[in-house]
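**Student:** this one's structure only:
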């Protein structure tokens, strides 16, 4: 919609999908389009539907830690910055199902790790002067009576 409403301003969009599951919906919707680039980091053994091909898919192992997750994200954001061309707008799917306290996510990223992930994406956009829309996703507590680990 934003491309249609503001074609003179928004010519190229980057979707950063950091939910634990692959961004297969975005991959299918924008397949073959040069004006939208899809980037997904996901758990390599956590697919609830058919895996699709994003422009950039990065699979991480079950029980992935902060160090692995954040160093991988840093590497790929740098690659996108240096080799990905120009963007006019970023959509960030900020999934919290990567948390170690998530019952479905199968990753082991701490709450502090999620905060650092978010800061890395914010800093990337800020450095490049890119407008950013953030959507939340995921988040399933191990104990249904205690949502604090997910909501905090």
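**Tutor:** Alright, I've got the coordinates. All figures in this text were calculated on a predicted structure; none of them were measured in a lab.
**Student:** how distant is stretch 31-39 from the center of its chain?
**Tutor:** With CA atoms, centre = their mean, to the nearest Å as the basis, stretch 31-39 stands 15 Å off its chain's centre.
**Student:** which residues make contact with it from outside it?
**Tutor:** With CB atoms under 8 Å, 6 or more residues apart in numbering as the test, stretch 31-39 has contacts from 3, 11-17, 23, 26-27, 30, 52-56, 58, 76, 80, 84-85, 87. C-beta coordinates here come from the backbone N, C-alpha and C atoms, glycine included.
**Student:** So which of those residues belong to strands?
**Tutor:** Using DSSP state E, the subset of these located in strands is 13-17, 56, 58.
**Student:** and those residues, which two are the farthest apart?
**Tutor:** Taking CB to CB, the two most distant members of the ones in strands among the contacts of stretch 31-39 are 13 and 58; they sit 19.0 Å apart.
**Student:** who has more neighbours, these two?
**Tutor:** Counted by other CB atoms under 10 Å, residue 13 and residue 58 do not tie: residue 13 has more neighbours, with 20 against 17.
**Student:** List the contacts of residue 52.
**Tutor:** Counted by CB under 8 Å, 6+ apart, residue 52 has contacts 22, 24, 27-28, 31.
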